[in-house]
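S.K.: let me see the structure of the following:
(one chain, ligands or ions: 1)
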Amino acid sequence: MGFKSKARKNRGETSKVALKDKDSEVYEGQIKCDIIECNNWADKIIGGRKMSYNRAVEVWGTSGVSRKVGKVSLCKTCYRSWKKEKKGEPKQWTSKSSGPLGNAPNSIPVRSFDQP
Ligand SMILES: [Zn+2]
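M.R.: Numbers count the residues shown, from 1 in each chain. As a prediction, this is how the structure comes out:
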């Protein structure tokens, strides 16, 4: 397992890869989750997500995010907990009028984050 998705990643990945040492022993991830208390990989192929720093800070606080960059990387688990947190508080996304999708009132427009 892993080979197929890896190949796919290599094609899909554009620029921002691995700024850190390649200490890949357990899982060959390249992107670390930027949440300090978390040690997971945030590679896309295992469900990682990119998110703007400000949004991450809303949940973890400035001291909970390890890097202050425009977009931080979240592992699947952290992204989930972020989503959970955000669901609790009605914010700007609660405009349930419309989206391009139309049929998913609860979905956060995650897609826009993914695209460079
Ligand atoms: Zn994480």
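
S.K.: tell me the secondary structure for residue 50?
M.R.: State at residue 50, reduced to three classes by DSSP: H, G, I helix; E, B strand; the rest coil: strand.

S.K.: how about the strands in this protein?
M.R.: Along the chain, counting by DSSP state E, strands occupy 49-52, 71-74.

S.K.: and of those strands, who's closest to residue 43?
M.R.: Nearest to residue 43 among the strands of the chain is strand 71-74 (8.4 Å), distances taken as CB to CB. C-beta: built from backbone N, CA, C; applies to glycine.

S.K.: that closest one and the ion, any residue contact?
M.R.: No: Strand 71-74 stays clear of the ion (CB under 5 Å from the ion), getting no nearer than 5.7 Å.

S.K.: hmm, who's touching that strand?
M.R.: 31-35, 42, 48-53, 56, 65-66, 82, 113 (CB atoms under 8 Å, 6 or more residues apart in numbering).

S.K.: buried sites along the top helix by length along the chain?
M.R.: Ranked by residue count under DSSP state H, the longest helix found in the chain is helix 76-88. Within helix 76-88, the residues that count as buried by 16 or more other CB atoms under 10 Å are 76, 78, 79, 81, 82.

S.K.: and those near the ion, which?
M.R.: Checking these against the ion by CB under 5 Å from the ion, the ones in range are residue 78.

S.K.: let me have the buried residues of helix 76-88 in JSON lines, extended by pLDDT.
M.R.: Output for those, formatted as JSON lines (pLDDT from 0 to 100):
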{"residue": "76", "pLDDT": "97"}
{"residue": "78", "pLDDT": "97"}
{"residue": "79", "pLDDT": "96"}
{"residue": "81", "pLDDT": "95"}
{"residue": "82", "pLDDT": "96"}
